[in-house]
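Asker: sequence and predicted model, in that order:
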Amino acid sequence: MGQFHDASGMFRGVSYNKFTSAALRAAMERKVQNVKAKIEERKVRIAKIREENSITDAMLSDMVIQYMQDQQRGQQRVSYSNSAQPNPQKKQEDGTVVVPAGVIANIITEKGLIESESSEVKKMTLILRNLRDTLPHVGDNGLLVERPAVHTLTDEEIEYLGFSN
């Protein structure tokens, strides 16, 4: 009978020193463009949700505060209401506007993802701006020469940048 091996620890310490600055730059630029496109999709989705539910800036602010307070208390509501600027289409008899809690949660989630993705873009842009194509190296003859920069990436970075495809 064969032995069982835990594959997760088998290759610890293995590194991939094969990515040149040009290859890394191309992959990162492609990723930056993809993430920026995703951010724009999210912004369009938020605008559509707000339009469908007639949510103004003042209403959204108030409802997000209510939502966050409920999260801190461990409570859940079915809907949130605000009478700051009632919309006649969604207006209740008492003058408040009612929006399902899922809509507010969706907007908050999308905004959180936008912040996270914007942070990713910012970091990759900084790396791209400072990425060197060559590095100083002492050659076989003892003289200082320039050699192409070769970068080490982890499995997760390789997958994130799309090299594993």
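Answerer: Received it, and whenever you're ready, just let me know what you need.

Asker: contacts and neighbour counts: CA atoms only from here.
Answerer: Will do.

Asker: what ranges does this structure have for its strands?
Answerer: For the chain, the strands defined by DSSP state E occupy 16-20, 79-82, 97-100, 134-138, 144-148, 150-153.

Asker: so how far is the last one off the chain centroid?
Answerer: Okay, so that is strand 150-153. 23 Å (CA atoms, centre = their mean, to the nearest Å).

Asker: quick one: mean pLDDT over that strand.
Answerer: The pLDDT scores in strand 150-153 average 88.

Asker: what does it rub up against?
Answerer: Strand 150-153 is contacted from outside by 15-21, using CA atoms under 8 Å, 6 or more residues apart in numbering.

Asker: list the neighbouring strands of it plus their orientation.
Answerer: With DSSP bridges as the test, strand 150-153 is paired with strand 16-20 (antiparallel).

Asker: now tell me what touches the strand it pairs with from outside.
Answerer: Under the contact criterion CA under 8 Å, 6+ apart, strand 16-20 has outside partners 133, 148-154.

Asker: just want the angle from that strand to strand 134-138.
Answerer: Per axes from the mean of the first three to the mean of the last three CA atoms, to 10 degrees, the angle that strand 16-20 makes with strand 134-138 is 120 degrees.

Asker: then strand 16-20 to CSV, C-alphas only?
Answerer: Extracted in CSV, the C-alpha atoms of strand 16-20 (Å, rounded to 0.1, in the frame of the first residue of the first chain):
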residue,chain,number,x,y,z
TYR,A,16,10.3,30.8,-9.5
ASN,A,17,13.1,33.0,-10.7
LYS,A,18,12.1,33.3,-14.3
PHE,A,19,10.0,36.4,-14.7
THR,A,20,11.8,39.3,-16.4
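
Asker: now the angle from it to strand 144-148?
Answerer: Strand 16-20 and strand 144-148 are oriented at 90 degrees to each other (the same axes, to 10 degrees).

Asker: out of all residues in the chain, which is the farthest from the middle?
Answerer: Most distant residue from the mean C-alpha position of the chain: residue 141, 47.5 Å away (CA atoms, centre = their mean).

Asker: per-residue pLDDT, that residue?
Answerer: 90.

Asker: in space, what's closest to residue 35 - neighbours in sequence excluded?
Answerer: In space, and not counting its chain neighbours, residue 35 is closest to residue 117: 6.5 Å by CA to CA, 6 or more residues apart in numbering.
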